[in-house]
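>>> test case, fold it:
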Amino acid sequence: MAEISARKRVWGWWFFDWASQPYHSLLVTFIFGPYFAGVAAEYFVTTGLSAHAAAARAQVVWANCLTITGLIIAFGAPLMGAFADVTGRRMPWIFAFSVMYAVGSAALWFTLPDGSNMWLMLSAFGLGFVGAEYALIFINSQLPDISNKEDVGEISGSGFAFGYFGGLISLAIMLLFFVEQPNGKTLIGLDPAFGLNAAQMEGTRFVGPMTAAWYIVFMIPYFLWVRDGPRSGKRGSFSGALRLLGRTIADLRHRYSLSAYLGSSMLYRDALNGLYSFGGVYARLVLEWDLIKIGIFGIVSVLASAIFVYFGGKLDKRLGPKPVICGCILILIAVCALIVGMDRTQIFGIALPEGSSLPDILFFGCGVLIGGMGGTLQSASRSLMVRHTAPDHPTESFGLYGLSGRATAFLAPMLIGVATGIFGDARLGVSPVIGLFILGLILLRWVRPEGDQT
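The predicted structure is shown next:
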């Protein structure tokens, strides 16, 4: 068999970002999440709640779903990373989690608009989301194998940019040919494709099968061009994985920069995921946008992500990842303050004329910055982790990175759910992410820009 070139290996690795991005852009943020929030809110209205209270309740339900999946991911990620390092095998795990991704997303087709099976559909969403996040841990751990230290930031940034373009194209396809407006037509005035029933929201519900099919097709280059390294020759066991994980965690007390970085990224990535998970829900429940407007917002946001993250990778190569991370966090803190401070009727307490479009314009601007700074932040974070990765245990190291990103993955949704319940307001419920960003920024003070493997 002909040897796979380094260029093909990089492109194959990039194709995971292209294939997997729709779970985040289509399902979590811009289509299924807002659709589910609207369905849940209408369901709770039928139980006797006011529209305002029903919107808050719907946001709490979505928050609880993300809290539970976050806990599952947090407890399993580092253990499976260690298990893969014991055996030296990653591809079987990636394949297994890919099956979870495809099955969970495809099942969302059955999310009925009356909300009668919303709890079952939340379980399906959780299955796919866990598969997507677990697979990402193993994918990230391959980055040191396909790049050198000098190019890792640029390769990471280009991979994210490539993935965001995939998310952009898949979102455009959904809006142009499937997602219904209130008049039953798509964005370009067509009936939903394939004869789907607009009255039953089948065009919007098609986002589940679309996401699954997109992933299956575009993972083919990855599985063709990316290979595991040499096997360790050791027989895998979870007891051995636990011992390896225990030694690595114990060793953190001697690796101050890594410990600080894991703590910092645990907080600011959780805040970012909170923004992604509730951005579309906020637009639906607070600004009362329909799914088409949210989708257009998504296109603008994802396009900004692709552009910003590409140039962010160049900046990472020139300045290093730490300054890029700090700059992104500061901008995101300002964006969050604006989001929490406005709704349809006022901005920071200043009343707006009835029907004012200013909140819509400002939130579109926020979408550009959330997408651009969020994508750049994720790429630079992956680059900085490579600088802290033990060469002989890359998957387990990225398992810890996955743990730091998911150990408190339940925290932002939980805090948003609690704050929403306390204030009885979906807008004010988003406020805890500001504190998480600030704490993450503070911990970065103790992180060495070049890591602790130098």
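>>> how distant is the longest helix anywhere in the chain from the center of its chain?
Ordering each helix of the chain by length in residues (DSSP state H) puts helix 51-87 first. How far helix 51-87 lies from its chain's middle: 12 Å, per CA atoms, centre = their mean, to the nearest Å.
>>> what of stretch 191-204?
Taking CA atoms, centre = their mean, one finds stretch 191-204 lying 27 Å from the centre of the chain it belongs to.
>>> please apply the same query to stretch 297-314.
So, by CA atoms, centre = their mean, the centroid of stretch 297-314 is 14 Å from its chain's centroid.
>>> if we can go back for a sec, mind giving me the packing neighbours of the longest helix of the chain?
Contacts defined by 3 or more CB pairs under 8 Å, 6 or more residues apart in numbering; DSSP states H and E place helix 51-87 against helix 32-46, helix 118-140, helix 238-251, helix 256-285, helix 394-406, helix 411-423. All C-beta atoms are positioned from the backbone trio N, CA, C, and that covers glycine.
>>> next up, the contacts around the residue lying closest to residue 212 once chain neighbours are set aside.
The spatially closest residue to residue 212, leaving aside those adjacent along the chain, is residue 106, at 3.9 Å (CB to CB, 6 or more residues apart in numbering). Residue 106 makes contact with 208-209, 211-212 under the criterion CB atoms under 8 Å, 6 or more residues apart in numbering.
>>> where exactly do the strands run in the stretch 301-450 of the chain?
Using DSSP state E, counting those that start in this stretch, the strands of the stretch 301-450 of the chain run over residues 346-347, 350-351.
>>> most tightly packed of these?
Across those, averaging neighbours per residue (mean count of other CB atoms under 10 Å) puts strand 346-347 on top, at a mean of 14.
>>> any idea of the mean pLDDT in that one?
Regarding strand 346-347, the rounded mean pLDDT is 93.
>>> which residues touch it?
With contact meaning CB under 8 Å, 6+ apart, strand 346-347 is reached by 341, 352, 358-359, 362.
>>> drop anything exposed from these.
Neighbour counting over the contacts of strand 346-347 (16 or more other CB atoms under 10 Å) leaves 341, 359, 362 as the buried ones.
>>> doesn't residue 350 make contact with the first one?
No - in this structure residue 341 lies outside contact range of residue 350 using CB atoms under 8 Å: 9.6 Å.
>>> nearest spatial neighbour of residue 325, skipping sequence neighbours?
In space, not counting the residues next to it along the chain, residue 325 is nearest to residue 380; the distance is 5.0 Å by CB to CB, 6+ apart.
>>> tell me the contacts of the one you found?
Contacts for residue 380 were tallied using CB under 8 Å, 6+ apart; they are 153, 156-157, 312, 316, 321-322, 324-325, 328.
>>> quick revisit: just checking, next helix/strand downstream of the longest helix of the chain?
On the C-terminal side of helix 51-87, the closest following helix or strand by DSSP states H and E is helix 91-106.
>>> identify each buried residue in that following helix, please.
If you call a residue buried by 16+ other CB under 10 Å, then helix 91-106 has these buried ones: 93-94, 97-98, 100-102, 104-106.
>>> stretch 323-337 too?
The neighbour-count check on stretch 323-337 (16+ other CB under 10 Å) flags 324-329, 331-333, 335-336 as buried.
>>> pull the distance from that stretch to the chain's centre.
Worked out by CA atoms, centre = their mean, stretch 323-337 lies 17 Å from the chain centre.
>>> mean confidence for that stretch?
Per-residue pLDDT values over stretch 323-337 give a mean of 95.
>>> i'd like the first residue to be 29 from this point on
Sure, I'll start counting at 29 from here, so that last one is stretch 351-365.
>>> ok, and what's touching that stretch?
The contact list for stretch 351-365 (CB under 8 Å, 6+ apart) reads 296, 299-300, 303, 340, 343-344, 394, 397-398, 401-402, 404-405, 408-409, 412, 458-459, 461-462, 465-466, 468-469, 472, 477.
>>> out of these, which end up buried?
In terms of neighbour count (16+ other CB under 10 Å), the buried residues within the contacts of stretch 351-365 are 296, 299-300, 303, 340, 343-344, 394, 397-398, 401-402, 404-405, 408-409, 412, 458-459, 461-462, 465-466, 468-469, 472.
>>> closest to residue 256 out of the strands of the stretch 329-478 of the chain?
Closest approach to residue 256 among those (CB to CB): strand 374-375, 53.1 Å.
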